[in-house]
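J.: Provided below for reference: sequence and predicted model.
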Amino acid sequence: MMVGVGIGAWDAAMFHLTTHAFFKCLLFLSAGAVIHEMTHLKQHHNLDIDPQDLRNMGGLKQYMPKTFIMMSIASLALAGFPLTSGFLSKDAIVISSFEWALEKGGVYLVIPILLSVVSILTAFYIGRLIFKAFFGKLRTEIADLHTMHEAPSTMLLPMAFLTVGALFLVFSVHPFSYAHAPIMNGLAVQRLFPSVHILHSIVPLTLTLTALISWWVGYSWYVQGRYPLNDKSRWILYTQNQFNLNHWLMRIWVNPTLGLGKVSYWFDKYIIDGIINAFSPLVRMLGQAIAWIDKHIVDGIVNGIAALAYIIGNIFRFVQNGRLQNYLGLALTVILVGIIYLILR
């Protein structure tokens, strides 16, 4: 719709907005009906499941056939399949974008090409939704499925009204030409680019064929169980094993490191500790001898000198006692000793 407005084909944009309102609303209501019944199933059987998770569904078309038909029509319209309103409005935009891009030339062709790719992807993902929800078997392990039933009429009646709006008859009497749609004729926008008639055949045919191919792929993958990336795929198993990264890390780093650790442990225990244990008695004896020398020789000399200094200090301490009479007596004694020495000499 934004592309349609951007290229000046806002009549096609308004057309798609109108058709889109019907089939997209129908898709949401259909999804709500399915979730409604899955919630009832969960509550009735006390299941620990998410009723909105597509992975818990499957095979619902046999229990909800009306919802299946209406949701399938809405899905076809979203994918732009013939005989639906989405086919008319989507082609109006895609064809107009190609005509606009061809007029502009160059890099502008990226716009319609991207639109075509998105259209194909849309067909694939909506087909995946239908296949996973309504085909195959219910993926929830329940023995009694009689509680599963169609949505109530209060939900089905609005869905039926919207289903009619998802068909081409509401918007055009011609199922394959959007030019006959009253909305397109009523708006009558003056195009700034010429019409390329061959595109009106090539584009719808190409998009329809690619949608069919995408649905065939989706059916093969999600119904027939041929999905290449299933839980048993060797690629999935390979990636779950981190591309054997742990195996190579074990071989390249972990195992050699463990081996080196074991060698280092043996060397430390039997070589280093052996040498230490062999020399430890000699070292202890040498330590004891050094301790005896330190205690009795070195400390003895130091303590002896200290004791001698203490004794000498005590002997001469009285000389420096601060008493004048002692100093005079000492001087007199020295003089007398000197006189006696001179006399006797």
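T.: Perfect, thanks for sending it. Numbering: from 1, shown residues only.

J.: what's downstream of the helix or strand of the chain at the bottom of the mean pLDDT ranking, the next helix or strand?
T.: In the chain, no helix or strand scores lower on mean pLDDT, DSSP states H and E than helix 234-240, which sits at a mean of 69. Past helix 234-240, further along toward the C-terminus, the next helix or strand under DSSP states H and E is helix 245-249.

J.: So which bits of that next one are buried?
T.: Residues of helix 245-249 classed as buried: none (neighbour count, 16 or more other Cβ atoms under 10 Å). From N, CA and C alone the C-beta is placed, and that goes for glycine too.

J.: Where does the record place the domain boundaries for this structure?
T.: Structural domains annotated on the chain: 2-239, 244-344, as defined by automatic domain parsing.

J.: Over to the longest one now: how far is its first residue from its last?
T.: The straight-line separation of the ends of domain 2-239 (Cα to Cα, to the nearest Å) is 40 Å.

J.: go on, the last one?
T.: Domain 244-344 stretches 117 Å from its first residue to its last (Cα to Cα).

J.: Now find how far off-centre that domain is within its chain.
T.: In terms of Cα atoms, centre = their mean, to the nearest Å, the centre of domain 244-344 is set 67 Å apart from its chain centre.

J.: cool, and the first one?
T.: The chain centre lies 29 Å from the centre of domain 2-239; the measure is Cα atoms, centre = their mean.

J.: Model confidence for residue 89, exactly?
T.: According to the per-residue confidence, residue 89 scores 91 in pLDDT.

J.: ugh, wrong one, I meant residue 197
T.: Residue 197 is assigned 85 on the pLDDT scale.

J.: Assumed it was part of a strand.
T.: No. Residue state for residue 197 (DSSP: H, G, I helix; E, B strand; the rest coil) corresponds to coil; a strand is not indicated.

J.: residues near residue 151, how many?
T.: By the measure other Cβ atoms under 10 Å, the count of residues near residue 151 is 19.

J.: Chain neighbours aside, what residue packs nearest to it?
T.: residue 33 (3.8 Å; Cβ to Cβ, 6 or more residues apart in numbering).

J.: Equivalent analysis for residue 25, please.
T.: Using Cβ to Cβ, 6+ apart and skipping the chain neighbours, the partner closest in space to residue 25 is residue 162 (5.6 Å).

J.: Just after the helix or strand harbouring the one you found, pick out the following helix or strand.
T.: For residue 162, the element it lies in under DSSP H and E is helix 153-165. Past helix 153-165, further along toward the C-terminus, the next helix or strand under DSSP H and E is helix 182-187.

J.: what packs against that following helix?
T.: With contacts defined as 3 or more Cβ pairs under 8 Å, 6 or more residues apart in numbering; DSSP states H and E, the packing partners of helix 182-187 are helix 10-45.

J.: Next, the angle from the helix or strand just after the helix it packs on to helix 153-165.
T.: Going down the chain from helix 10-45, the next helix or strand is helix 65-79, by DSSP H and E. Between helix 65-79 and helix 153-165, the angle comes out at 30 degrees (axes from the mean of the first three to the mean of the last three Cα atoms, to 10 degrees).
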